[in-house]
Structures are given as C-alpha cells and as structure tokens.
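Student: Give me a model of this one.
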Amino acid sequence: MGASGYEYLEKIVQIPFRIPQPGEEDIRAFISKQMGDPEYPSPEVEVKPDDGTQVGEPNEDADGEPPSGPLPPLPNDSQPYAQADTQAEAQVAFTYDELKGFQDVAPFLHPNPRHLKRLVNVYRLVRSLAAAKNERAILGKPVATIRWLVVCAQ
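Tutor: As a prediction, this is how the structure comes out:
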C-alpha cells in the first residue's frame, strides 16, 4: 500500500539543513554594526599661536590611564530612561575604544547573534547607569568593564 499520513508529512516537514557557524571576523562585524560602527578617532590638533606648530592631545597619559578630572557627560543623558530603543541607542554613542574592547574578546564569545546583541545591550545599560551615578571605575576603563561583562555572560 502507500505511506501513512504521518510518514508522508515526516518526509515533507523534516528537511535537514546546516547553518554555518560565524567566524571571528563575522562576530567582529556584527558587534560593530550593533554599536553603530564607531570610527577610529582622528587626532585632535591644536595650533600654537606663537610658532604655528601643531600638537596633538593624547587621550591617555603615559601609564595608559584615562585622564583624571570630571568625565564628559554622555550625549543627551538627561533624557528619561523609559524611551524607545532607537532613541536609547542614539543617546549612547559608542567610542572606538569600546568597539576595540569588544573586538579583542571576540574569539571568546558565543557565536550566537542573540547572545552578542544582549551583551552589547547589557554594556549599554551598565554604561548608562554608571553615567547617571558618575561611576569612574566603570566609565574610566571601558575595556575592563567589557571584559568583566563577557566573563559574567559566559
């Protein structure tokens, strides 16, 4: 006779396919897109009025530590927290150093887009809360904060 209805549907519905695992570069590109593709900062140049020579301002001192003093506020951080996701993402512009922090740990991340997006969003939340409380330990060393979050997420 013929196949039963169950056997017929089993042949139609169960189609095996394999989704390729993303590589390290794919993970880095995905994270960069999630963070808004921050660009490498161009060196800030100032002109001395007396001799016309140009001097760049370093972002860190000789020890690799961020400069001391008050941190600049994040853009639009006076907005209420209960705003739409697109407005929240626009408020928190990521820096190239933060992107570099995520890309440095890319080999250790789960290659799951949902996991990666959640990790970026958790960092966005931690950074926003730290800015609201002026937590220098978190805001002053974003790479250390990113590494801590990756360890916690694993």
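Student: The longest helix along the chain - what's its average pLDDT?
Tutor: Criterion DSSP state H: the longest helix present in the chain is helix 113-133. If you average the pLDDT over helix 113-133, you get 94.
Student: Buried residues of it, list them for me.
Tutor: Of the residues in helix 113-133, 116, 119, 120, 123, 124, 126, 127, 128, 130, 131 count as buried by neighbour count, 16 or more other C-beta atoms under 10 Å. Every C-beta, even on glycine, is put in place using the N, C-alpha and C of the backbone.
Student: of all those, which two lie farthest apart?
Tutor: Longest distance between any two of these is 22.8 Å, between 116 and 131; criterion C-beta to C-beta.
Student: pLDDT below threshold where in this protein?
Tutor: Within the chain, the ranges that satisfy pLDDT under 70 run 1, 14-15, 44-92.
Student: Residue 138 reaches residue 130, doesn't it?
Tutor: Yes: using C-beta atoms under 8 Å, residue 138 is in contact with residue 130, at 3.8 Å.
Student: overlap in contacts of those two?
Tutor: Common contacts of residue 138 and residue 130 (C-beta atoms under 8 Å, 6 or more residues apart in numbering): residue 145.
Student: in the protein, which spans are strands?
Tutor: Ranges of strands within the chain are 45-47, 54-56, based on DSSP state E.
Student: give me every residue that touches residue 150.
Tutor: 105, 108, 109, 119.
Student: one more time with 6 Å, if that's ok
Tutor: Taking C-beta atoms under 6 Å, 6 or more residues apart in numbering, we find residue 150 in contact with residue 105.
Student: ok, now how distant is it from residue 105?
Tutor: 5 Å (C-beta to C-beta, to the nearest Å).
Student: So which residues of the chain form helices?
Tutor: For the chain, the helices defined by DSSP H cover 5-13, 24-34, 85-91, 96-104, 113-133, 136-139, 142-153.
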